[in-house]
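[1] using only what follows, build the 3D model:
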Amino acid sequence: MRRERRNRFFAAALFAIAIFAAGCAADDKPPAPAPDAGPQPKLLSNLNDVNAVPVNPFAINQVPQRGEGMILDHGPVSAGPRTYQTEPGISRVVGNEENPGTVRLLNSKAAKFGSFSGVILDRIYARLIEAERTEEISRTKLPTEIKAVIITAVLDKRGKLTELILEQHSGKAKIDKMMLDVCRKSIWYENPPVEALSGDGTYKLTIRLKLENYASSDEIHWNFITDLGLGIS
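    Numbering: from 1, shown residues only. Sure thing, here's the model as predicted:
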């Protein structure tokens, strides 16, 4: 009798322990996610899983095309064609409030070869602004009747400058000399377009500059209004 009771006691105890252990095991399972928990974090193993950020091809910080540096319009960016490449005579505002300026292509041939014209025009304008800020030029009070400086630049077939001809004096010798020096340092082009050659087998460029005094902070040194144009003959 005692052995039978003992066996029943041990059987009951083992059954209780099994039930307890099963309950603990059930408590170790992770809770199910809430129905409205939203998307769960995802471990990325491939960078292609990440969506690329769209790029605006007309963003203002994009690198400009050749020839657009100084003559592109700094107003609102648009996807339309550059006017200076198709229409001669349209001025583009350059510089800033202290040193205002305009640049333009003077004729249809310059507009037809807009990249060629634009690259050279960029170089001339950049050096011209430097020259205007020198002590000698910035101290110059220009006469109100000053005329435009007009220069013909001749390049050989390789795009190397060979001649500068002063076609029209401004009326101020130092301005003429400054512009000749700027052109001498600025005008050259690697692999110029053959179609832009003149009848004698050279490239002939017409450079036109009109300067006016604009403002002075000390009545000694001046900023200028710069109007610069380029044509191809």
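
[2] please count neighbours and contacts with C-alpha atoms only from this point.
    Fine.

[3] partner strands of the strand ranked longest in the chain and their direction?
    Counting residues, the longest strand in the chain under DSSP state E turns out to be strand 203-216. Partner strands for strand 203-216, per DSSP bridges, with pairing direction: strand 149-155 (antiparallel), strand 222-232 (antiparallel).

[4] report the buried residues of it.
    203, 204, 205, 206, 207, 208, 209, 210, 211, 212, 213 (16 or more other C-alpha atoms under 10 Å).

[5] contacting residues around the first one?
    Contacts were defined as C-alpha atoms under 8 Å, 6 or more residues apart in numbering; by that measure residue 203 touches 154, 155, 156, 157, 159, 196, 197, 232, 233.

[6] swap in the last one?
    The contact partners of residue 213, taken as C-alpha under 8 Å, 6+ apart, are 141, 142, 222, 223, 224, 225.

[7] can you select the buried ones from the residues you listed in ChimeraX?
    A single ChimeraX command selects the buried members of the contacts of residue 213 (16+ other C-alpha under 10 Å):
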select :142,222,223,224,225
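
[8] so residue 110, which state does it fall into?
    helix (DSSP: H, G, I helix; E, B strand; the rest coil).

[9] quick one: it from residue 219, how far?
    Using C-alpha to C-alpha, to the nearest Å, residue 110 is found at 39 Å from residue 219.

[10] so between these two, which is more surrounded?
    The neighbour comparison of residue 110 against residue 219 (other C-alpha atoms under 10 Å) goes to residue 110, with 27 against 9.
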